[in-house]
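S.K.: What shape does this take:
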Amino acid sequence: MKLRNLFSRKTKSVTGSYPLPITGGSIPADWNLGWWQEGKDPLQSGGATAIVQACTDAYAHTVATLHAYHYSADANGTKTPIEGSGLARILHRPNVYQTSTDFRLNMLKALYLKGNAYVVGLRNGRNEFDSIHLLPNAGTMPYIDAETQSVFYAVGDNPMLGKIETMIPARDIMHLRMYCPRHPLIGVSPLENAALSMSANASISAHQANFFSNMSRPSGVLSTDQKLTADQMLQLRGAWESQAKRMESGGIPILSSGIKWEAMSLTSVDSEIIQAFNMTINDVARAFRVPLPLVQQHDQGSTYNNVEQLYSQWLSGGLGFIVEHLEQNFNHFFGLPKNQGTEFDTNSLLRSDFQAKVEGYTKLVQGGVMTPDEARNRMDSLKPVPHGDKVYMQQQMVELGYEPPEPEPVQVPVEPEMDEDEKVMLETMAIQKELAA
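M.R.: Model prediction:
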């Protein structure tokens, strides 16, 4: 078997060489000349900035909290959860040392920061996946067999697994990757598109940190039209400092001899720096496709009434993609048939407002979309009620163009006419009754 390393410049089994992919990124000016020996990555030059962490955490934290289950769909598309399957158990508990939220959190962080996330599956005696484990990006890389074009992975060390095989076939590796501009097996992080903005963001933050650490700007100045000697200026400064120390918050200083206090305010240069800093935040959030109000502490543009709209907008773009991306990768990795799949339930993200939630489920029940029991279960996991498993619809709801049938005529019973003998008999009986009375 001859394997070709996609991440190395030279190959041992193929004549010639395989070029190293161009990684892009940027090298900050404050890096040492031997940055490559220090384990630094140009793609991660701004990875430690707050906005990058906020954007990656937005995806990782949100997806980690979603309820995931294994389902089977019938011919009508109705999904029924499959309890007790291998996939259902792994979605609930991927391995013995990680919870589902812990596993997904670290998997999504690696995917967005590095562009790739590697998961190895360990099989049991029935050749089924019994557990899944994250692999480090630093020591994991794909290889291609030059003869069969089969894909193998050289995996890094996982301290919880012990020693594992050096080469693992692709069927036992779930490789999640982002956009692959240079090779189908090499994903790149969104950080690559925001490298310049991240570098500018980090430079502005470092500049501001140095500025405030050195306190190179006074808080204000004392000015007067009078000409003061050096001794008078020293006496004035000492008198002001002595008076300012005794003043409580909101105290009023008393100045004489035409002396004025002028506080220092932000200059136009400071305002431009703040504006440039906000622009870098906007660019990074745009590269990650995260609505800006979701990653800003002051919640600019966000209110209690439009949080659900922001999540809906996010679901139609960046978040919706990564949820579908995870579902498809789990389906492929576990070899699920066409009528089965993995579902990450995002309905909880769109039900943050209690009043809107009540109104929505009420309309679903009244419209015959849900049964009362289904609505009660999704609302707050309420227990079923008698006859709540049936779909109800108002009686006046009919199909379009419906014409009611004409009512059938009412048949009034007609008494048969009596013949002459019956008339004579009735008259005789009436006369006898009168005589007896």
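S.K.: can you pull out the strands in the stretch 51-200 of the chain?
M.R.: Taking DSSP state E, counting those that start in this stretch to define them, one finds strands in the stretch 51-200 of the chain at 67-73, 79-81, 116-123, 129-135, 141-145, 151-154, 167-169, 173-177.
S.K.: Taking strand 173-177 as reference, get the angle to the fifth one.
M.R.: Using axes from the mean of the first three to the mean of the last three C-alpha atoms, to 10 degrees, the inter-axis angle of strand 141-145 relative to strand 173-177 is 110 degrees.
S.K.: Kindly provide the whole-number mean pLDDT of strand 141-145.
M.R.: In this model, strand 141-145 has a mean pLDDT of 87.
S.K.: quick one on the thing from earlier: among the strands of the stretch 51-200 of the chain, which comes closest to residue 88?
M.R.: Each of the strands of the stretch 51-200 of the chain has some distance to residue 88 by C-beta to C-beta; the shortest is strand 67-73, at 4.3 Å. Yep, even glycine has a C-beta here, placed from its N, CA and C like the rest.
S.K.: ok, residues contacting that closest one?
M.R.: 79-82, 85, 87-88, 91, 100, 336, 339-345, 348 (C-beta atoms under 8 Å, 6 or more residues apart in numbering).
S.K.: what's stretch 317-326 in contact with?
M.R.: By C-beta under 8 Å, 6+ apart, the list of residues contacting stretch 317-326 reads 59, 62-63, 66, 108, 111, 176, 288-290, 311, 314-315, 342, 344, 346.
S.K.: Break the chain into its domains for me.
M.R.: 3-193, 218-263, 353-402 (automatic domain parsing).
S.K.: so of those, which one's packed in deepest?
M.R.: Ranked by mean neighbour count under mean count of other C-beta atoms under 10 Å, those are led by domain 3-193, which reaches a mean of 16.
S.K.: quick one: pLDDT of residue 46?
M.R.: Confidence score, pLDDT, at residue 46: 45.
S.K.: What of residue 424?
M.R.: 76.
S.K.: Mind telling me what element it is part of?
M.R.: helix 420-436 (DSSP states H and E).
S.K.: Can you name the residues in contact with that helix?
M.R.: In contact with helix 420-436 (C-beta under 8 Å, 6+ apart) are residues residue 418.
S.K.: Dump the C-alpha coordinates for it into CSV.
M.R.: The C-alpha coordinates for helix 420-436 follow below in CSV (Å, rounded to 0.1, in the frame of the first residue of the first chain):
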residue,chain,number,x,y,z
GLU,A,420,-117.9,0.4,5.8
ASP,A,421,-117.9,-2.7,8.1
GLU,A,422,-115.2,-1.1,10.3
LYS,A,423,-117.2,2.2,10.5
VAL,A,424,-120.4,0.3,11.5
MET,A,425,-118.4,-1.6,14.2
LEU,A,426,-116.9,1.6,15.7
GLU,A,427,-120.3,3.2,15.8
THR,A,428,-121.9,0.2,17.5
MET,A,429,-119.1,0.2,20.1
ALA,A,430,-119.6,3.8,20.8
ILE,A,431,-123.4,3.4,21.3
GLN,A,432,-122.8,0.4,23.7
LYS,A,433,-120.3,2.5,25.7
GLU,A,434,-122.9,5.3,26.1
LEU,A,435,-125.6,2.9,27.2
ALA,A,436,-123.3,1.3,29.8
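S.K.: do you know which of the strands of the stretch 51-200 of the chain lies nearest residue 395?
M.R.: Comparing the strands of the stretch 51-200 of the chain by C-beta to C-beta, strand 79-81 comes nearest, at 30.3 Å.
S.K.: re the thing from before, with distance to residue 427 as extra columns, can I get the domains of the chain in a markdown table?
M.R.: Converted to a markdown table, these look like this (distance: least, C-beta to C-beta, whole Å):
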| stretch | distance to residue 427 |
| --- | --- |
| domain 3-193 | 75 |
| domain 218-263 | 121 |
| domain 353-402 | 55 |
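S.K.: Worst mean pLDDT among those domains?
M.R.: domain 218-263 (a mean of 67).
S.K.: all helices in the stretch 51-200 of the chain, in order from the N-terminus.
M.R.: 86-92, 100-114, 195-214 (DSSP state H, counting those that start in this stretch).
S.K.: circling back to that earlier point, what's the closest of the domains of the chain to residue 410?
M.R.: domain 353-402 (23.2 Å).
S.K.: gap between the two ends of stretch 80-93?
M.R.: 20 Å (C-alpha to C-alpha, to the nearest Å).
S.K.: can you start the count at 21 instead of 1 from here on
M.R.: With 21 as the first residue, the last one maps to stretch 100-113.
S.K.: List of residues touching that stretch?
M.R.: So stretch 100-113 is contacted by 88-94, 119-120, 148-152, 350, 354, 356, 360, 362 (C-beta under 8 Å, 6+ apart).
S.K.: Let's see that with 6 Å instead.
M.R.: If you take C-beta atoms under 6 Å, 6 or more residues apart in numbering as the criterion, stretch 100-113 is touched by 88-92, 148-149, 152, 354.
S.K.: repeat for stretch 190-206
M.R.: 26, 41, 131, 135-141, 162, 171, 173, 207-208, 349, 353.
S.K.: got the CA coordinates for that stretch in CSV?
M.R.: Extracted C-alpha coordinates of stretch 190-206, given in CSV (Å, rounded to 0.1, in the frame of the first residue of the first chain):
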residue,chain,number,x,y,z
ALA,A,190,-12.1,6.4,6.5
ARG,A,191,-15.1,4.2,7.4
ASP,A,192,-14.1,4.5,11.1
ILE,A,193,-13.4,8.3,10.9
MET,A,194,-16.1,10.9,10.8
HIS,A,195,-14.4,13.9,9.2
LEU,A,196,-16.4,17.1,9.5
ARG,A,197,-14.9,19.9,7.3
MET,A,198,-15.8,23.4,6.2
TYR,A,199,-15.3,24.9,2.8
CYS,A,200,-12.6,22.9,0.9
PRO,A,201,-11.1,25.3,-1.7
ARG,A,202,-7.8,23.4,-2.3
HIS,A,203,-8.6,19.7,-1.7
PRO,A,204,-11.8,17.8,-1.0
LEU,A,205,-10.4,16.5,2.3
ILE,A,206,-8.9,19.7,3.6
